[in-house]
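Novice: A predicted structure for the sequence below; I have some questions about it.
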Amino acid sequence: MRVAARLTAQGATLPVYTVALGNPDAPAALGLFGGVHGLERIGSDVVITWLHSLVMRLPWDASLHALLERVRLVFMPIVNPGGMLRGTRANLHGVDLMRNAPVDAQDPVPFLVGGQRISAGLPWYRGAHGEAMQSESAALCELVERELLGRPFSLALDCHSGFGLRDRIWFPFAHRRSPIRHLAQLDALHEIFQQSNSHHPYVFEPQSRQYLAHGDLWDYLYLRACERPNTVFLPLTLEMGSWLWVKKNPRQLFSRHGIFNPLIAHRQQRVLRRHFPLLDFVTRAAAAASHWLPADAACERHHRQALVRWYT
């Protein structure tokens, strides 16, 4: 365990914790993140529940020990503790951490939602032009650079909520509509997920299908990874469809937390159970990347399939 950053709010110190499990020299790594937006507590709950499950299995699960020889697991369960304390999407300085990276969209973005520099009093504030990234954003980037990008293969899963009636798994880009370099590898990952989880509830798609945005942290880190030779980094975002919870309990509309989180205990438990197969899958997929990553002709086939599926 490490403290990646320390924040001060209401006279208290708020640490940003990171936890790592597994072989430090493993050829593959998986990063799990939650609480980038302080209102979306369910994302942190998903990450912490999975971490708790792994830790409780360590004393007796020999297969888990074997898995952890092949993959490094890194957790940042609450990226934005200040926002979580205050019950806000932004951090203590009013900055939306997922609009805070030095990446500008190449196509028009929706007003405000795509990131704005008008005022910290408005949502989706990117921070002042030329200003350094917020300490929470910088801590996330430092963790990814240190633990994930130095390996031949790595995955990241960032857990959010609040978009639509479906659970979605997004991948870059958010700042432009063109495909990423590792589109074939993403298609191969999608294929083995479909094969091993045929009744999953997710829509797997590029974020640009829904909207474009400035300052996306995962776009920034993916572009950083592309500067490194012989490195494959696939960042994914789990966007849980919180409108499902509102549909079943319309009274949640009158609660700021209710728009982004299940407020009834049994629905909370159901959401946590719902995503365990996905977390198990990304853990095992990272550990076994050499068995499914495409090469040569297979790479070309996956690239063509992905273009038809996501960019036609």
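Specialist: Yep, that arrived.
Novice: what's downstream of the helix or strand of the chain with the lowest mean pLDDT, the next helix or strand?
Specialist: Within the chain, no helix or strand scores below helix 243-248, which has a mean of 86 by mean pLDDT, DSSP states H and E. Note on helix 243-248: by DSSP states H and E, the next helix or strand toward the C-terminus is helix 265-274.
Novice: buried stuff in that next one?
Specialist: Judged by neighbour count (16 or more other C-beta atoms under 10 Å), helix 265-274 contains these buried residues: 267, 268, 271, 272. Where you see a C-beta, it was placed from the backbone N, CA and C, and this is true even at glycine.
Novice: now render those residues as TSV, adding distance to residue 3 and pLDDT.
Specialist: Shown next, in TSV, are these (distance: C-beta to C-beta, whole Å; pLDDT from 0 to 100):
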residue	distance to residue 3	pLDDT
267	33	91
268	28	93
271	29	93
272	26	94
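Novice: what's the closest of these to residue 18?
Specialist: Residue 18 has its nearest neighbour among the buried residues of helix 265-274 in residue 272, at 21.4 Å by C-beta to C-beta.
Novice: so that closest one makes contact with residue 46?
Specialist: Yes - if you go by C-beta atoms under 8 Å, residue 272 and residue 46 touch, sitting 6.2 Å apart.
Novice: per-residue pLDDT, the spatially most central residue of the chain?
Specialist: By C-alpha atoms, centre = their mean, the mean C-alpha position of the chain lies nearest to residue 158, the distance being 1.4 Å. Residue 158 is assigned 98 on the pLDDT scale.
Novice: can you check residue 302 too?
Specialist: Residue 302 is assigned a predicted lDDT (pLDDT) of 98.
Novice: report the contact partners of it.
Specialist: 183, 184, 185, 187, 188, 191, 294 (C-beta atoms under 8 Å, 6 or more residues apart in numbering).
Novice: now, among those residues, which is nearest to residue 211?
Specialist: Using C-beta to C-beta, these come closest to residue 211 at residue 183, 19.8 Å.
Novice: how about that closest one: what's its closest non-neighbour residue?
Specialist: Of all residues not flanking residue 183 in the chain, residue 306 sits nearest, at 4.6 Å (C-beta to C-beta, 6 or more residues apart in numbering).
Novice: for the stretch 51-200 of the chain, which segments count as helices?
Specialist: If DSSP state H, counting those that start in this stretch is used as the criterion, the helices of the stretch 51-200 of the chain fall at 62-70, 81-86, 135-143, 183-196.
Novice: ok, residue 222 touching residue 231?
Specialist: No - Residue 222 is beyond contact range of residue 231, at 10.6 Å (criterion: C-beta under 8 Å).
Novice: ok, back up a step: okay, the contacts of residue 302 in a markdown table with pLDDT next?
Specialist: Listed next are the contacts of residue 302 as a markdown table, based on pLDDT from 0 to 100:
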| residue | pLDDT |
| --- | --- |
| 183 | 98 |
| 184 | 98 |
| 185 | 98 |
| 187 | 98 |
| 188 | 98 |
| 191 | 98 |
| 294 | 97 |
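Novice: compile those residues into CSV and extend it with columns for distance to residue 25.
Specialist: Putting the contacts of residue 302 into CSV (distance: C-beta to C-beta, whole Å) gives the following:
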residue, distance to residue 25
183, 29
184, 27
185, 23
187, 29
188, 25
191, 29
294, 25
